[in-house]
Structure formats: C-alpha cells, structure tokens
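Asker: dropping the sequence and predicted coords here.
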Amino acid sequence: MEYRRFETIPEKVSLLGLGGMRFPVLDDQPDRVIEEGVQALVDHAVSRGITYFDTAYSYHGGRSEEVLTRALGKYQRDTYYLADKLPIWLIQEEGDTERYFQEQLERCRTEYFDFYLVHSLDRLKYAICEKFHVFDKLKQFQAEGKIRHLGFSFHDTPELLEKIVTDHQWDFAQIQLNYLDWEMQDAKGQYEILVSHGLPCVVMEPSRGGALIFLPESAAKSLKEVHPEASIGSWAIRFAASKPGVLCVLSGMESEDIIDDNAAAVTGVKPFDRREQQAVEKAAENFMKNKMIPCTGCAYCRECPKEVNIPKIFAAYNQYLAGRDNFQFYNAYSKIKPEERAVNCVKCGKCMERCPQSIPITDNLATVQKLAEQINGNRPSNWGEL
C-alpha cells in the first residue's frame, strides 16, 4: 500500500480508503446492512494496509457510522483514521451543529474524528454554513481535540470552491475526481484550485459509482489496447491516485477481490504517460457517445415520495446502453419492484434538488419508461410481462 504525507497532514494515510456508502445490504434496502459482510471487508482492507475509513451521518439510512465503527472496534484506535461528515442540510439553528456532532461521536463510540467534513457543500449548503456559523463551531471542536483535521466535501462550480477555500482555513477538501468528470464537470479546475491553495485532496467517486468499471465495449477498447492485462476498474483508480495533490482515493469496495484490485492499482502508481492519457480521454468520449446517464448511485435521490428506485433504474438503463441487449434490460428491470419503477414518477422534482450530479432525473426516468414499454410490447411470450 502507498501512503502520502502532507505538511498539514503528517499522519500515515493510505492512498486508498474504504468508503462506507456502499456496504452489502439485504433486499436492496440501504438500512439493512449485512454486518458480517462489513466486518469481512474491513478486516481485508486492514490486511491490505488501508488506514482511512470514511462514513457519514446519512449513509445507509443512518446505519453506516455504527456498523463501520463496530467493525473497526477490534483494532486499536490509533491504527486507523476515521472520517465522518456533518449533515449540513439538517442544520436549522446554531445549536444543531453541536447536537449532530455529539450524536456522531456517540454513534461512532469515539472521542474524536481524525478527519471531519462539512458534507456536500454547494451554494445553498454553504449559505447555511455561513448563516449558522458552522465553521466557527467546528474550529472550536478542533481546538478541543475532537477534530484532528477539518475539511469539506464539495459539489458545485470552481468559482464557489475558490470562495470557500479563501473564506476559511481548511486542512483538506474532498471532490469528485475521475477521468470522465475531469472535463465534463471540470474536476480538473477544482483539483487545480486545491493544489494552488496547498490543500490535500481526498477523492470521491473515482469510478463514478461503478460506471467506469462497466464501460460499453467501445469505451473499454481504448484501455485494453494499451494495458490488456489491467482491469477496467484499475484505470479509474490509477487516474485519481496518480495526481500529486491527492491524499486518499475513496472507493466503496463491495468485495475482497475489488479491494485487492484497487490496492494493486495504487501500488507504485505513477502519473499517466501520453498514451495512457489519450486512452482514458478516448474512453470518456465513447462513454458519452452512448448517452449513458452520469449517475453515481449515491442514492441521495432515494427520498422520493413515490419510492421510485432511481439508482437501480438508471443502472439497468446504462447496462442496456453498453450492449443494446433487450433481454439484459428486461432481466435487470424485472428485478425492480413494480412500485419502484419509472412509471410511478410524478415529476415532483424533489430528487433533482438532492442530486449532486445535477442530472435531469425526471426526463431520464421518462426515457427509461419509454424503453421499458417498447421492450415489453415486443417481448417473446416466454419472458413474462414487465
């Protein structure tokens, strides 16, 4: 395992970190976490040298913090780094910052957080942060030793990022960085702002929720031509890990095999050469030609009043676009509960208010519903009705 140190963060932080947003669950229910599965993942991560473990108040319906720290409980507290995040959208008065922070300390059965972030800052959430003096309160907790390193995660424009890092003194920041978003969402511009301010960068969504692992054949081809022996997913991890200002690359690793593959990808990682850079640029170009929905599966949209399972619907659709296989779509879509399918969308727009990717969700759901109707109308009789 590779480790990186920065002037502001001298600890031995692993270049690969385990994210706590995609643990194994029962029956596709986010809050029904399989704890023995999490324990196995944590144990394997530790055996591979991973020291950075990330969670948040809202992950897995509020279960992630407790489940992750129970799994870490068998290890000495000073052998790993725990990162957690303040749910800024829930702050409605000044006392809320302390209330949620203390609740998180109790959930995690710890006296301090090694890394603590204001979660998912955008223009609206930053206004909440300023209105209720959240930064000042967190700096107080840091002075008391309850926070070792203070940062924020971010989903907005480079202009707002520049303002946030100028307004306050942070220790690090977390951004979405991958070879698809390098240009599409100007991750390059965000990364360069952090570097110019000397802020270590923690990377989230290096494989865009798995989208850069299950590439359409036309996109994967350019990568295989350069390194036929490398997994498609390793390209995404290497791209993020190769950036000099990156402290840690977070991955929601769902199996021991994925942990092994990602750990190998960051070992001895070097900046991409010209041929490798051209390969990922070509892969990104072909990805977009397939008109795939840039959903990361973060599930922030799952507060849908009609309980439409947006991430699962988009995953089935993207899988279809990768191969244009009608039966593949039918097979994936038929596994989604009828009450959770696209047909139930009422276009209220609440999902789009929560989407960090600014995806036009309701329009895309209509597109998926149209495809489902077409395939259902032309299906062989032995398939069954969607």
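Answerer: Looks like it arrived, so ask away. Numbers count the residues shown, from 1 in each chain.

Asker: show me where the stretch 151-300 of the chain has its strands.
Answerer: With DSSP state E, counting those that start in this stretch as the definition, the stretch 151-300 of the chain shows strands at residue ranges 172-176, 201-204, 246-251.

Asker: now render those strands as CSV, adding mean pLDDT, mean neighbour count and distance to G95.
Answerer: Any C-beta I mention is one placed from the backbone N, CA and C, and that applies to glycine too. Shown next, in CSV, are the strands of the stretch 151-300 of the chain (pLDDT from 0 to 100; neighbours: other Cβ atoms under 10 Å; distance: least, Cβ to Cβ, whole Å):
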stretch, mean pLDDT, mean neighbour count, distance to G95
strand 172-176, 97, 24, 26
strand 201-204, 97, 25, 29
strand 246-251, 97, 28, 31
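
Asker: show me the contacts for V38.
Answerer: Going by Cβ atoms under 8 Å, 6 or more residues apart in numbering, V38 touches F23, P24, V67, L68, A71.

Asker: how about the first one, secondary structure?
Answerer: Just to be clear, that refers to F23. At F23 the chain is in coil, as set by DSSP: H, G, I helix; E, B strand; the rest coil.

Asker: low-confidence ranges, the stretch 151-300 of the chain, go.
Answerer: For the stretch 151-300 of the chain, no stretch is flagged by pLDDT under 70.

Asker: re the thing from before, closest to K221 out of the strands of the stretch 151-300 of the chain?
Answerer: strand 246-251 (24.0 Å; Cβ to Cβ).

Asker: what pairs with the closest one, parallel or antiparallel?
Answerer: strand 16-19 (parallel), strand 201-204 (parallel) (DSSP bridges).

Asker: possible to save the ones you listed as JSON lines with distance to I34?
Answerer: Output for the strands paired with strand 246-251, formatted as JSON lines (distance: least, Cβ to Cβ, whole Å):
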{"stretch": "strand 16-19", "distance to I34": "15"}
{"stretch": "strand 201-204", "distance to I34": "23"}
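
Asker: for those, which one sits closest to T110?
Answerer: Closest approach to T110 among those (Cβ to Cβ): strand 16-19, 16.6 Å.

Asker: contacts for that closest one?
Answerer: Contacts of strand 16-19 with the rest of the structure, by Cβ under 8 Å, 6+ apart, involve 1-2, 41-42, 45, 50, 52-54, 83, 202, 204, 237, 241, 248-253, 259, 262-263, 266.

Asker: re earlier: out of the contacts of V38, who's the most crowded?
Answerer: Of all the contacts of V38, the most densely surrounded is L68 (29 neighbours; neighbours counted as other Cβ atoms under 10 Å).

Asker: quick one: average pLDDT of the helix or strand containing it?
Answerer: According to DSSP states H and E, L68 maps onto helix 64-72. Taken as a whole, helix 64-72 has an average pLDDT of 97.

Asker: list the helices and strands it packs on?
Answerer: When contacts are defined as 3 or more Cβ pairs under 8 Å, 6 or more residues apart in numbering; DSSP states H and E, helix 64-72 packs onto helix 35-47, strand 81-86, helix 95-107.

Asker: now it - C-alpha only, PDB.
Answerer: In PDB, the C-alpha atoms belonging to helix 64-72 read as follows (Å, rounded to 0.1, in the frame of the first residue of the first chain):
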ATOM      1  CA  SER A  64     -23.100   3.300   8.300                       C
ATOM      2  CA  GLU A  65     -21.400   5.100  11.200                       C
ATOM      3  CA  GLU A  66     -22.400   2.500  13.800                       C
ATOM      4  CA  VAL A  67     -21.800  -0.500  11.600                       C
ATOM      5  CA  LEU A  68     -18.400   0.700  10.300                       C
ATOM      6  CA  THR A  69     -17.100   1.600  13.800                       C
ATOM      7  CA  ARG A  70     -18.300  -1.700  15.300                       C
ATOM      8  CA  ALA A  71     -16.200  -3.500  12.600                       C
ATOM      9  CA  LEU A  72     -13.200  -1.300  13.500                       C
END
